[in-house]
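> 3D, please:
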Amino acid sequence: MRMESQKESQDTQGLFAQFLNISNAALDRHRDESPHKQIIETGNKLLRDRRIGVAVYADEPSEPHDYYTVEWKNGKLLYWEHGKDEPDVELKVKNDYLRQVVENAEEYLNKPYLLDWDWLKSRLGLG
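Numbers count the residues shown, from 1 in each chain. Modelled structure (predicted):
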């Protein structure tokens, strides 16, 4: 794992927080539409109060440079902490993808199917 400067970590942390806000807003805005309705309903049943570890990587998924723990609560992904806190579910996300979502927030809010929910849908048996 490469060492990351404090500035890079702060940048990634801000980017990740914005990504969560956009993802949650998109889910909320389209909560009565498929597949978001099913994602929320099934997530509430299967992921409620479970910790989800998110490894952020630059190029190689096997070499994450930052890690966050989030929690699924009431149909939303809530920030739990910076770092790895023995998660129940783990996923990896590319830093460029986070940046793409943040830089094109309105597009993702209006077209939430562009968000990559495959990690969640596969764990919930939706895809």
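> which intervals of this structure have sub-threshold pLDDT?
Counting by pLDDT under 70, the ranges of the chain that qualify are 1-10, 119-127.
> So which bits of the longest helix belonging to it are buried?
In terms of residue count, the longest helix belonging to the chain (DSSP state H) is helix 6-29. Within helix 6-29, the residues that qualify as buried are 12, 15, 16, 18, 19, 20, 22, 23, 26, 27, counting by 16 or more other Cβ atoms under 10 Å. (Each C-beta comes from the backbone N, C-alpha and C, glycine too.)
> Please save the CA atoms from the next helix or strand after it in PDB.
Using DSSP states H and E, the helix or strand that follows helix 6-29 in sequence is helix 36-46. This file holds the C-alpha atoms of helix 36-46, laid out as PDB (Å, rounded to 0.1, in the frame of the first residue of the first chain):
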ATOM      1  CA  HIS A  36     -34.000   2.300  -6.500                       C
ATOM      2  CA  LYS A  37     -37.200   1.400  -4.600                       C
ATOM      3  CA  GLN A  38     -36.000  -2.200  -4.400                       C
ATOM      4  CA  ILE A  39     -32.500  -1.200  -3.400                       C
ATOM      5  CA  ILE A  40     -33.800   0.900  -0.600                       C
ATOM      6  CA  GLU A  41     -36.300  -1.700   0.600                       C
ATOM      7  CA  THR A  42     -33.900  -4.600   0.400                       C
ATOM      8  CA  GLY A  43     -31.100  -2.600   1.800                       C
ATOM      9  CA  ASN A  44     -33.200  -1.600   4.800                       C
ATOM     10  CA  LYS A  45     -33.900  -5.300   5.500                       C
ATOM     11  CA  LEU A  46     -30.500  -6.800   4.800                       C
END
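> relative to helix 6-29, how tilted is helix 36-46?
Interaxial angle of helix 36-46 relative to helix 6-29 (axes from the mean of the first three to the mean of the last three Cα atoms, to 10 degrees): 110 degrees.
> Start the count at 17 instead of 1 going forward.
That works, and once the first residue is 17, the last one we named lands at helix 52-62.
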